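Trainee: Dropping the sequence and predicted coords here.
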Number of protein chains: 2
Amino acid sequence: MRQMRHPPIEDVALEQVFHALSDPFRLGVIRRLADGGEQSCAALEGGRAKSSVSHHFRVLRDSGLILTRPEGTTHMNSLRAAEVEARFPGLLGAVLAAAGAPCDTAPRDE
Amino acid sequence: MRQMRHPPIEDVALEQVFHALSDPFRLGVIRRLADGGEQSCAALEGGRAKSSVSHHFRVLRDSGLILTRPEGTTHMNSLRAAEVEARFPGLLGAVLAAAGAPCDTAPRDE
DNA sequence: GCATAAGTTCGATTGTAGTCGAACAATTGC
DNA sequence: GCAATTGTTCGACTACAATCGAACTTATGC
């Protein structure tokens, strides 16, 4: 069973987190995961090319924000909320609160 | 007296803020302004070329994070803390708390 | 008015990042 | 075992972003 590589949360630079969140699609994914819990890549792809989506999930994993686990042919993604909270207290909550405003380019159900 | 253009805080996208903060130099500037209050560009340039520094301050202004006012030949910069707090409650505090950890590339006194 | 200081703009260079199609890989169902 | 599904990787393309030197602009001191 192939496991995805996730950096230890202490190896994650704050700037890396901000870079991951600076893209509208990725910020939208974080919101969706916060709202709806664990979801597959396909559920979040919002009409984009598979390779684009794959690239974004890679960036989110590398920045320590999400955890990806395989489930059959599907990859399930969830926020590493507790770890991120421990590493940067209050940041994720503030990000999600700030992102709560309507966002034009967030992935949404179609 | 030449005034710098600052976007109305309500025109600032959250992603834009994160992009501004994703650069180590700019994140360091925000920390320094939070710690030490209003400072000139020269005080914060950290040995970089003037044009590089000017570019970064432009990005910080355009993202609504700082306010720049001229004072003689000097440009004084300060955080638009109250406005950013009103627009994204809790975000700036969480960013500064998270950034409080030692940062290798932050501008510092030499 | 000229020199100096602080900062901006321009343009070039280099590096980063987002996009996607095509090919590939792992898992599952039949 | 093959087809379908989900997702990754590769490579190409395009756009963005950070860097700096040179030239320019504004304000100030003499």
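Mentor: Received the coordinates, thanks.
Trainee: Contact partners for the closest residue to A:Pro89 other than its chain neighbours?
Mentor: The shortest distance from A:Pro89 to any non-neighbouring residue, by Cβ to Cβ, 6 or more residues apart in numbering or on different chains, is to B:Ala97 (6.4 Å). Heads up, the C-betas are built off the backbone N, CA and C, glycines and all. Residues in contact with B:Ala97, defined by Cβ atoms under 8 Å, 6 or more residues apart in numbering or on different chains, are A:88-91.
Trainee: Pull out the buried members of the residues you listed.
Mentor: Neighbour counting with 16 or more other Cβ atoms under 10 Å in any protein chain shown marks A:88, A:91 as buried within the contacts of B:Ala97.
Trainee: okay, the contacts of B:Ala97 in a markdown table with secondary structure, distance to DNA strand C and pLDDT next?
Mentor: What follows is the contacts of B:Ala97, written out as a markdown table (DSSP: H, G, I helix; E, B strand; the rest coil; distance: Cβ to the nearest atom of the strand, whole Å; pLDDT from 0 to 100):
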| residue | secondary structure | distance to DNA strand C | pLDDT |
| --- | --- | --- | --- |
| A:Phe88 | coil | 19 | 96 |
| A:Pro89 | coil | 25 | 95 |
| A:Gly90 | coil | 24 | 95 |
| A:Leu91 | helix | 19 | 97 |
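Trainee: now the contacts of B:Ala97 as CSV including distance to DNA strand D?
Mentor: Listed next are the contacts of B:Ala97 as CSV, based on distance: Cβ to the nearest atom of the strand, whole Å:
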residue, distance to DNA strand D
A:Phe88, 20
A:Pro89, 26
A:Gly90, 25
A:Leu91, 20
